[in-house]
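> I'll drop the sequence and a predicted model, then ask my questions.
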Amino acid sequence: MGPLLLGRALRLGLRTARDLMVPLGRLTSLSIELPWDEVVRQVTASPFSRLPVYRDSPDQIVGTLRVKDLVHRYITHGPTDLRLLI
C-alpha cells in the first residue's frame, strides 16, 4: 500500500458518516420503471458512479446501479431492463 493511499485510509477513519453522505437534494436516483433512454440520460448527467434505484418513490430503494455495469451490459447486450442491473 502506497503512502498516499495509506494516508487517505487513515484520514477516512477520522470522518463521520455525515461528512461522507450526499444530501438527498444532490443525489440522483432512478425509478426502476424508467425506459432505457431516460436511464442513460440521467446517468450521463450525474457525477456519481453508483445510483440508488427505487420502486414507487425514492424512499423505497430496491437496489443500486453501478454505472460500469450499465456500460458493460450495453456493450455486450444492448439496451436492457434496469431490473437486470441491480
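All right, it came through fine. Numbering: from 1, shown residues only.
> name the nearest residue to residue 28, sequence neighbours excluded.
Of all residues not flanking residue 28 in the chain, residue 46 sits nearest, at 3.9 Å (C-beta to C-beta, 6 or more residues apart in numbering). In this view, the C-beta of every residue, glycine as well, is placed from N, C-alpha and C.
> look up how far residue 74 lies from residue 39.
Note on residue 39: its distance to residue 74, by C-beta to C-beta, to the nearest Å, is 10 Å.
> tell me which of the two has more neighbours.
A count of neighbours by other C-beta atoms under 10 Å puts residue 39 above the other of residue 39 and residue 74, at 22 against 14.
> let me see the contact set for the more buried one.
30, 65, 70, 82 (C-beta atoms under 8 Å, 6 or more residues apart in numbering).
> quick check: pLDDT value at it.
Note on residue 39: pLDDT of 95.
> wait, a helix at it?
Yes - remark: residue 39 belongs to a helix, assigned using DSSP: H, G, I helix; E, B strand; the rest coil.
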